[in-house]
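A.B. asks: Predicted model follows, preceded by the sequence.
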Amino acid sequence: MISLEKRLESNISWVLFVYSLACIVGFIFTAFLLWSSGTDIPKAFFALYKGSLSSKKAIFSSLNYATPLILTGLATVVAFRAQIWSIGQEGQVYAGAMSAYFASLMFYGAPLWIHLLLVIAFGALGGALLGVLSAVLKNKFHVNEVISTVMINYIIIFFLSYMVGGGPWTEISDVNTTVYQQSDPVADYSKLPYLFGSTKLHLGFLLAILSAVACHFLIYSTPFGYEIRAMGHNPVALGHRGTNTHKTLLYILILSGAIAGLAGVTEIFGTSHRLKSEALYGLGYTGIIVGMIGGLTPLGTIIAGIIFGGLASGALYMKVLAKVPAALVPTIEGMFLLFFLCAGVAARYKIVVTGKDV
Amino acid sequence: MSGQALLETKMLTKHFPGVVANEGINFVLEEGEVHCLFGENGAGKSTLCSCLFGYYRPDGGSIEFKGEPVKFRSPRDSIRYGIGMVHQHFVLVDEFTVLENIIVGTNTEKWSLDLEASENQLKNICDEYGIDLKFNSLVRDLSVGEQQWVEILKSLYLKVEILILDEPTAVLTPEESNKLFKIMHKMGQNGISIIFISHKISEVMLADRVSVMSKGRLIDTVFPRETTPQELTNLMIGREVKLRVIEENDNEYDRSYPILSINNLKYKNKYGKFALNDISLNLYSGEILGLAGVSGNGQKELFESLSGNLNPDSGTISYEGKEIQGRSSRVFMDLGIGLIPDDRYREGLVSDFDISENIILGWQRLNDYTKGFFLNRNNIKRLAEDLIKKFNIMTPSSTVPVSHLSGGNAQKVILARELNHSNKILLANQPTRGLDLGVIEYVYNQIKLKRDEGFAVLLASEELEDLINLCDRIAIISDGEIKGIVEAKSTSIQDIGLLMAGQSETSA
């Protein structure tokens, strides 16, 4: 009889095996999906490769796509590690983008680096404020964070829609028609500078990597990180022994919100260079998948973020070169999430063959 | 007792990852007998019962019912054979009445419930055995002891042939326990065979036969009347141990000024019942104050109030004259008050954390354990290794998750942390529950040591004998009220038992 038994200690080669298996199965299912939509499969995979890995340009494009996903993934890690199921990353990205945009107008004319720092700081602040809102709702009124964050997401998304769709930030040339639902381009000097001369990899990627490293040390090596992990494992014991868990929850949601806010900054000031909903849509929700696939660890999130960035960058080519329907990309992402989650569970078990059925 | 084997296991074996819970068990239950499974925690008693009840499937060996091999794939199968089990954690619906709880899921044949007929049937059973229960009370309003009667009644209503009871006396007062044993023997006369689990030697002697278990094996099955408590204990431990003897307690301390003074504490729980009903107690440095009573009579709420985890509705808690009721647990800890909670895995430990991380739980921001922004891993590890040695915690290293430790070692982790970080008061709620004799002895010695250093200790326990041996004074709690405070030197289990049963000091 074959049965599953829980592992007492994890085995690295088994872990690698199940995750590789998840990848392979993911690709097989992707091929099946492509086939079912009538696409030329080799052509589609080639386009994916071309758009994500084939050249320096493609790789940098992948990393730019990865940047906000790593950040929203980290925001997920910080909250989910404490078993706080915040779904607010989406709204926090919007809030971060908007308050950073506000800062770029407000501090126009300040010296370059001060200006950039203020833009980035305001982005973090915007996301953090939404985190505070959810924390207060939970601490004072026992509102479940899943409900509050989802509702706040709607509010903030429609708020942006108003601001750039007829509101004060609407593109000047489009005020009367409001067709494009976007702001004027940001000033050249507000844009996040490119890291290597003419290549388009921007400062945001560095910011994302630094954030991940900082989160890693924060979670594993500081008292606050200790509280985050303890909150995730046993909030009752944490609270019983002298830690104010309401405060811990507040700080966690502030941090998570701030990191998600940064994702909005990098997308608007690094990539799209205009404030528009289209550029921000889905970054928060995809970040949840990225954080989960990254095993809720900061360093794993970098890897998962880059994989998803590559997928996003390659998807563009698939669309153009192989005529893959755009809606297929999130489907593929979701599928990979399922297989990786299965792998995450499988990694904790081993297969045991016993003599006979009793 | 007819001598006829009713239920039998042959070479039954059950493994869990990393643990052999049962190994080659040959167990025989005879018709109409009261059979005790006796052994330390982790000896495999509960596992064996769970196999007999079909809750676990054995890895090897067989189970025979009236000589026929049977396979229980789930409790559904064993119930069909007339086997019932009362677990340590009851499976009752709080919001249902006693009657509803008993008949729920029992008459599957019909679409409608015939409450009246069931009630009459139950009344007959109650009359026969002398069980006193109000069928229309909600289960949530019953004491834990009464809830157990509901479970037993349910089995009787289902006309079980075999009844398995997992530590039934853990939730009963001494008087209720006596009654239970009388009823168990009466059931035996009516042809119901009973298996009960116990680790209390006094109860073991009341069984018809005893099977002694140790480390997953069944050591021997004996008749209590042909043996002695000492022999049985030796069998269980596998070596010679001295049963605890009453020591002369000549502890002297100053009773002029309490370090902790509790006055008229009241707290109403969410069901509107007074969990704490006007409790007043003084605690002095250098004494152990016992709190005797069956769990669920207000101990939890009292300890939570005294550790800053519950804000009482009224009354005061004064520490050296300063009122601190309702302040946060941080405040209480910083005053030097240590806490050993009764539910150690829920309130005292983060099981997935390793030993060193649990050692600093609640103190993670202390200067000793930090270096700038970061945790000072070296200091923490050194402390953990010191304490592992000092408290004799059995573990290969300080980085083992607490979930991998035995209950006794996990409790020692809490003890180590609390004693290392407190210096005035130790609050211990049921600190020895579910532990081996060896560890119990150890915990008591540590508590005594701390008292000698000048700690004030509040110790709640259901083991009256232990309280009498260890404490200077004993307060008796029942229904959220202090029923009396006695000097340990001049009291007896019977006196305390009477007070627990709700009689006031004067009439006792």
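C.D. replies: The structure has been received and is ready for your questions.
A.B. asks: And residue A:121, how far from chain B?
C.D. replies: Distance, residue A:121 to chain B, by C-beta to the nearest C-beta, to the nearest Å: 20 Å. The C-beta positions use only the backbone N, C-alpha and C, and glycine is treated the same way.
A.B. asks: which SS class is that residue?
C.D. replies: The three-state label given to residue A:121 by DSSP: H, G, I helix; E, B strand; the rest coil is helix.
A.B. asks: Might you report the residue contacts of it?
C.D. replies: Neighbouring residues of residue A:121 by C-beta atoms under 8 Å, 6 or more residues apart in numbering or on different chains: residue A:103.
A.B. asks: where does it land on pLDDT?
C.D. replies: Confidence at residue A:121, expressed as pLDDT, is 98.
A.B. asks: now do residue B:237
C.D. replies: pLDDT, residue B:237: 69.
A.B. asks: cool, residue B:311 as well?
C.D. replies: Here the pLDDT value assigned to residue B:311 is 96.
A.B. asks: Report the separation between it and chain A.
C.D. replies: Counting by C-beta to the nearest C-beta, the gap from residue B:311 to chain A is 13 Å.
A.B. asks: ok, now which ones touch that residue?
C.D. replies: Counting by C-beta under 8 Å, 6+ apart, residue B:311 makes contact with B:305, B:325-326.
A.B. asks: Pick the one among those residues closest to residue B:480.
C.D. replies: Among those, residue B:305 lies closest to residue B:480 (C-beta to C-beta), at 11.7 Å.
A.B. asks: Using the three-state scheme, assign the closest one.
C.D. replies: Following three-state DSSP, we place residue B:305 in the helix state.
A.B. asks: how close does it sit to chain A?
C.D. replies: In terms of C-beta to the nearest C-beta, residue B:305 sits 13 Å off from chain A.
A.B. asks: Can you get me a residue count around that residue?
C.D. replies: 24 (other C-beta atoms under 10 Å in any protein chain shown).
A.B. asks: I'd say it and residue B:267 touch.
C.D. replies: Yes - using C-beta atoms under 8 Å, residue B:305 makes contact with residue B:267 at a distance of 6.9 Å.
A.B. asks: Can you check which residues contact both of these two?
C.D. replies: B:276, B:312.
A.B. asks: Find the residue closest to residue A:277 in space, skipping its chain neighbours.
C.D. replies: Leaving out its chain neighbours, the residue that sits closest to residue A:277 by C-beta to C-beta, 6 or more residues apart in numbering or on different chains is residue A:160, at 5.6 Å.
A.B. asks: for residue B:201, same thing?
C.D. replies: residue B:229 is the one closest to residue B:201 (C-beta to C-beta, 6+ apart), at 4.7 Å.
A.B. asks: Give me the number of neighbouring residues for the closest residue to chain A within the stretch 251-400 of chain B.
C.D. replies: Of all residues in the stretch 251-400 of chain B, the one sitting closest to chain A is residue B:362 (3.2 Å; C-beta to the nearest C-beta). The local packing of residue B:362 (other C-beta under 10 Å) involves 22 other residues.
A.B. asks: That one: what's it in contact with?
C.D. replies: A:238, A:241-243, B:329, B:333, B:417, B:421.
A.B. asks: Repeat the analysis, applying 6 Å as the threshold.
C.D. replies: Applying C-beta atoms under 6 Å, 6 or more residues apart in numbering or on different chains, we find residue B:362 in contact with A:241-242.
A.B. asks: From residue B:337, how far off is it?
C.D. replies: To residue B:337, residue B:362 is 12 Å away according to C-beta to C-beta, to the nearest Å.
A.B. asks: again with residue A:169
C.D. replies: Residue A:169 is 57 Å from residue B:337, where distance means C-beta to C-beta.
A.B. asks: And the pLDDT for the residue of the stretch 151-300 of chain A found nearest chain B?
C.D. replies: Scanning the stretch 151-300 of chain A for the residue nearest chain B gives residue A:241, at 3.2 Å (criterion: C-beta to the nearest C-beta). According to the per-residue confidence, residue A:241 scores 94 in pLDDT.
A.B. asks: in terms of contact, does it touch residue B:359 like I think?
C.D. replies: No - contact between residue A:241 and residue B:359 fails when scored by C-beta atoms under 6 Å: they sit 11.5 Å apart.
A.B. asks: higher neighbour count, those two?
C.D. replies: Between residue A:241 and residue B:359, counted using other C-beta under 10 Å, the more crowded position is residue A:241 (30 against 27).
A.B. asks: And for that one, nearest residue in space, chain neighbours not counted?
C.D. replies: residue B:362 is the one closest to residue A:241 (C-beta to C-beta, 6+ apart), at 3.2 Å.
A.B. asks: Likewise for residue B:69?
C.D. replies: residue B:62 (5.2 Å).
A.B. asks: looking at this, that neighbour is in a strand?
C.D. replies: Yes - counting by three-state DSSP, residue B:62 is part of a strand.
A.B. asks: quick revisit: how many neighbours does the residue nearest to residue A:277 have?
C.D. replies: Neighbours around residue A:160, by other C-beta under 10 Å: 24.
A.B. asks: so what does the helix or strand it falls within touch, helix or strand wise?
C.D. replies: Per DSSP states H and E: residue A:160 is located in helix A:145-164. With contacts defined as 3 or more C-beta pairs under 6 Å, 6 or more residues apart in numbering or on different chains; DSSP states H and E, the packing partners of helix A:145-164 are helix A:89-106, helix A:112-141.
A.B. asks: can we see that at 7 Å?
C.D. replies: On a contact count with 3 or more C-beta pairs under 7 Å, 6 or more residues apart in numbering or on different chains; DSSP states H and E, helix A:145-164 meets helix A:89-106, helix A:112-141, helix A:277-280.
A.B. asks: tell me which residues in that helix are buried?
C.D. replies: A:145, A:148-149, A:151-153, A:156-157, A:160-161, A:163-164 (16 or more other C-beta atoms under 10 Å in any protein chain shown).
A.B. asks: Would you pull up how far stretch B:90-109 lies from the middle of the chain?
C.D. replies: When C-alpha coordinates are averaged (C-alpha atoms, centre = their mean, to the nearest Å), stretch B:90-109 and its chain have centres 25 Å apart.
A.B. asks: For that stretch, give me every contacting residue.
C.D. replies: Stretch B:90-109 is contacted from outside by B:113, B:115, B:118-119, B:122, B:133-140, B:147-148, B:150-151, B:153-154, B:157-158, using C-beta atoms under 7 Å, 6 or more residues apart in numbering or on different chains.
A.B. asks: could you flag which of these are buried?
C.D. replies: B:118, B:122, B:133, B:135, B:138-139, B:147-148, B:150-151, B:153-154, B:157-158.
A.B. asks: Which members of these define the maximum pairwise distance?
C.D. replies: Checking those with C-beta to C-beta, the most distant pair is B:138 and B:158, at 21.8 Å.
A.B. asks: now the helices for the stretch 201-350 of chain B?
C.D. replies: Listed in chain order, the helices of the stretch 201-350 of chain B (DSSP state H, counting those that start in this stretch) span residues B:201-204, B:229-237, B:299-306, B:329-334.
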